[in-house]
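Novice: one predicted model, sequence on top.
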2 protein chains.
Amino acid sequence: MRLESTLSAASSDPHPPHGSVRPGGRTARTRAAVIEATLDELVRRGYDDLTVEAVAARSGVHKATLYRRWSTVDGLVSDALDQAAEQPWQVPDTGGLASDLRALAQQIATGFTDPDHGARPTALITAALRSDQAAAALGRFLRGRLAQATPLVHRAIDRGELPEHTDADALLRALAAPLYYRLFLTREPISADLADQAALATLAAATAGVFTTR
Amino acid sequence: MRLESTLSAASSDPHPPHGSVRPGGRTARTRAAVIEATLDELVRRGYDDLTVEAVAARSGVHKATLYRRWSTVDGLVSDALDQAAEQPWQVPDTGGLASDLRALAQQIATGFTDPDHGARPTALITAALRSDQAAAALGRFLRGRLAQATPLVHRAIDRGELPEHTDADALLRALAAPLYYRLFLTREPISADLADQAALATLAAATAGVFTTR
């Protein structure tokens, strides 16, 4: 979730998986430039017209380097998701479960609908569904984000707002699923109202004990 | 939802969109054979290896006919979804909302996980996400199925089990979304337990009035 901030923070990537240059070094800068160019191309032209050559031209990185390190456009899309997954993510912590869930749902929705920053995450996930390789990276990214958000649920359990054995992961998936379902499966617009509804539905189910394990 | 039955009922299609031959006539039989072959190829070889030529060979329909009527593999995938959308669908009617929702969630889950029949719907939706054309057909299919299921919600309102102004469509999306989210976005297996959880979560939210309009 909150892809728009992670995607624009490419140059601060602390864990470049390719090469051994220190953070902020040439390898990291090259990767950041290439991913930036990939996202630009996806937003401007779409997956069907995405080519390694166009990313090379836009990034200023030699296409031989791109072919060697990323192989294909699907390699580029996968790496954009892997890089996004490496970025820190500020999980809402408002002091109460209802407002935390509402903030989280709004954060997810805004990540895809923000007029300035929503196009990249939307284009990236749509592109990820275009190949098995990138779809696997998308799965890793989403599961990673869900895992990062579990403290939100554990704090609510500690405050006595949720049953003790609430499955944090199941709860968070219930919150995210209706938004992703519309955006990427039925391909319909989402709104702030829909995000609020997802948060309220998740709250009602969670407090009723639907997500408890055992 | 319930794709497995609709997909295997290809030859009884009452509304062939191509040609003007009567139901069960040659145009409908050709379409049924081509869609059958498309689904077979998707399950056996996957989208990356799907070709118009292979579908022609498997169906026994001349490839010139395929190119003329379906143009591309994405045209074939789209038509498979459009045909599935035309099939009648037996929406659960067990006499109570909780058991109706549970039956519906299990029906969706089984449609994708049944050892004999689940591979086709899974392969078809995965393939639909591979092109804008087929993704649009998937959106039509899913929205159509949701619309067909609204009587389930209206019956519950009539029985006094749900608030009067419950939005049937919103409720049904909440039920389906967690299953689709796992299958096609995080790419994780789903289970009968997960389907039950989706049904219970939707029931808790709906009876709390989360899906009421105004």
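Specialist: That came through, no problem. Numbering: from 1, shown residues only, chains lettered A, B, ... in the order given.

Novice: just after the lowest-mean-pLDDT helix or strand in chain A, pick out the following helix or strand.
Specialist: Using mean pLDDT, DSSP states H and E, the weakest-scoring helix or strand in chain A turns out to be helix A:3-8, at a mean of 43. Downstream of helix A:3-8, the first helix or strand assigned by DSSP states H and E is helix A:26-45.

Novice: centre of the chain versus that next one, how much separation?
Specialist: 16 Å (CA atoms, centre = their mean, to the nearest Å).

Novice: do the same with stretch A:182-197
Specialist: With CA atoms, centre = their mean, you get 16 Å for stretch A:182-197.

Novice: check whether it comes near chain B.
Specialist: Yes - against chain B, stretch A:182-197 shows contacts by CB under 8 Å from any CB of the partner chain at A:182, A:184-188, A:197. C-beta coordinates here come from the backbone N, C-alpha and C atoms, glycine included.

Novice: mind listing what the closest residue to A:Leu138 other than its chain neighbours touches?
Specialist: Distance criterion CB to CB, 6 or more residues apart in numbering or on different chains; nearest residue to A:Leu138, sequence neighbours excluded, is A:Ala128 at 3.9 Å. Shown in contact with A:Ala128 (CB atoms under 8 Å, 6 or more residues apart in numbering or on different chains): A:77-78, A:81, A:134-135, A:137-138.

Novice: repeat that for 6 Å
Specialist: By CB atoms under 6 Å, 6 or more residues apart in numbering or on different chains, the contact set of A:Ala128 is A:77, A:134-135, A:138.

Novice: which of those count as buried?
Specialist: A:77, A:134-135, A:138 (16 or more other CB atoms under 10 Å in any protein chain shown).

Novice: give the buried residues for stretch A:163-182.
Specialist: Per 16+ other CB under 10 Å, stretch A:163-182 contains these buried residues: A:166-182.

Novice: output the below-cut-off pLDDT ranges for chain A.
Specialist: Scanning chain A for pLDDT under 70 picks out the ranges A:1-24, A:214.

Novice: chain B contacts on that one?
Specialist: Residues of chain A lying near chain B by CB under 6 Å from any CB of the partner chain: A:129-130, A:139, A:142-143, A:174, A:177-178, A:180-181, A:185-187, A:200-201, A:204-205, A:208, A:210.

Novice: show me those that map onto helices.
Specialist: A:139, A:142-143, A:174, A:177-178, A:180, A:200-201, A:204-205 (DSSP state H).

Novice: can the residues you listed go into CSV with extra columns for distance to B:Val153?
Specialist: Listed next are these as CSV, based on distance: CB to CB, whole Å:
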residue, distance to B:Val153
A:Gly139, 32
A:Leu142, 29
A:Arg143, 32
A:Ala174, 19
A:Ala177, 19
A:Pro178, 16
A:Tyr180, 22
A:Leu200, 18
A:Ala201, 14
A:Ala204, 17
A:Ala205, 17
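
Novice: return the member of the residues you listed nearest to B:Lys63.
Specialist: A:Gly139 (35.6 Å; CB to CB).

Novice: how about the closest one, what does it touch?
Specialist: Per CB under 6 Å, 6+ apart, neighbours of A:Gly139: B:186-187.

Novice: same check on A:Ala134?
Specialist: Neighbours of A:Ala134 in contact, by CB under 6 Å, 6+ apart: A:74, A:77-78, A:128.

Novice: restricted to helices, list those.
Specialist: A:74, A:77-78, A:128.

Novice: follow-up on the earlier one: any chance of the buried ones among the contacts of A:Ala128 in a markdown table with distance to B:Ala147 as columns?
Specialist: Below are the buried ones among the contacts of A:Ala128 laid out as a markdown table (distance: CB to CB, whole Å):
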| residue | distance to B:Ala147 |
| --- | --- |
| A:Val77 | 33 |
| A:Ala134 | 32 |
| A:Ala135 | 28 |
| A:Leu138 | 29 |
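
Novice: quick check: A:Thr150 touching A:Ala168?
Specialist: Yes - with contact defined as CB atoms under 6 Å, A:Thr150 and A:Ala168 form a contacting pair (3.9 Å).

Novice: domains for chain A, by residue range?
Specialist: A:3-86, A:97-207 (automatic domain parsing).

Novice: any idea how far apart the tips of the last one sit?
Specialist: This stretch, domain A:97-207, spans 10 Å end to end (CA to CA, to the nearest Å).

Novice: chain center to that domain: distance?
Specialist: That offset, for domain A:97-207, works out to 9 Å (CA atoms, centre = their mean).

Novice: for stretch A:62-77, buried residues please.
Specialist: A:66, A:69-70, A:72-77.

Novice: give me the residues contacting that stretch.
Specialist: So stretch A:62-77 is contacted by A:18, A:38, A:50, A:52-53, A:56, A:127-128, A:131, A:133-134 (CB under 6 Å, 6+ apart).

Novice: contact partners for A:Leu97?
Specialist: A:156, A:161.

Novice: list the buried residues in stretch A:80-89.
Specialist: So stretch A:80-89, judged by 16+ other CB under 10 Å, has buried residues A:80-87, A:89.

Novice: who's the closest spatial neighbour of A:Val153, skipping the chain neighbours?
Specialist: A:Ala168 (3.5 Å).

Novice: that older thread, just put the contacts of stretch A:62-77 in a markdown table and tack on distance to A:Asp158.
Specialist: Formatted as a markdown table, the contacts of stretch A:62-77 follow (distance: CB to CB, whole Å):
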| residue | distance to A:Asp158 |
| --- | --- |
| A:His18 | 40 |
| A:Thr38 | 41 |
| A:Leu50 | 46 |
| A:Val52 | 49 |
| A:Glu53 | 53 |
| A:Ala56 | 51 |
| A:Ala127 | 39 |
| A:Ala128 | 35 |
| A:Ser131 | 42 |
| A:Gln133 | 40 |
| A:Ala134 | 38 |
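
Novice: who wins for most neighbours among those residues?
Specialist: A:Thr38 (28 neighbours; other CB atoms under 10 Å in any protein chain shown).

Novice: look up how far A:Ala84 lies from that one.
Specialist: Distance from A:Thr38 to A:Ala84, counting by CB to CB, to the nearest Å: 12 Å.
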